[in-house]
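**Student:** Quick one: sequence plus predicted model below, questions after.
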Amino acid sequence: MSRVCQLTGKKANNAYAISHSHRRTKKLQEVNLQWKRVWWPEGKRWVRLRLSTKAIKTLERKGLSAFAKEAGLNLNKL
């Protein structure tokens with residue numbers, strides 16, 4: 001499975017690691033992804049999602065159904 005947030009679509013970012021002498025080497029800034037089990041009241045079951053920490057914070061505010069609908073994610077298939 002690729003390292004992409006299932007609700008926000010966040011993924012890795014290309015960047016430079018710059019040393020003290022200002023030499024630049026490419027690096028990959030990965031997203032902070034966590035496996036999270038979320039209760040889905042409409043389906044009356046737990047749903048296991050791979051979410052970024054930012055999405056977990058937003059999920060607490062918006063709710064799972066609204067956030068999944070906005071992201072175009074079908075919770076029945078998970």
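**Tutor:** Done, it's in.
**Student:** Report the contact partners of W39.
**Tutor:** R45, W46, V47, L64 (C-beta atoms under 8 Å, 6 or more residues apart in numbering). Heads up, the C-betas are built off the backbone N, CA and C, glycines and all.
**Student:** which residues does it form a beta bridge with?
**Tutor:** Using DSSP bridges, the beta-bridge partners of W39 come out as W46.
**Student:** Quick check: it vs E60, distance?
**Tutor:** For W39, the distance to E60 under the criterion C-beta to C-beta, to the nearest Å works out to 12 Å.
**Student:** can you confirm E70 is in a helix?
**Tutor:** Yes - counting by DSSP: H, G, I helix; E, B strand; the rest coil, E70 is located in a helix.
**Student:** TSV for the contacts of W39, including distance to Q34?
**Tutor:** Written out in TSV, the entries for the contacts of W39 read as follows (distance: C-beta to C-beta, whole Å):
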residue	distance to Q34
R45	20
W46	15
V47	14
L64	15
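**Student:** quick one: secondary structure of S21?
**Tutor:** Recorded secondary structure, S21: coil (three-state DSSP).
**Student:** tell me the pLDDT at it?
**Tutor:** Model confidence at S21, expressed as pLDDT, equals 98.
**Student:** Repeat that for R45.
**Tutor:** Predicted confidence (pLDDT) for R45: 96.
**Student:** For it, list the residues it contacts.
**Tutor:** Contacts for R45 were tallied using C-beta under 8 Å, 6+ apart; they are W39.
**Student:** hmm, 10 Å instead?
**Tutor:** The neighbours of R45, taking C-beta atoms under 10 Å, 6 or more residues apart in numbering as the test, are W39, L75, L78.
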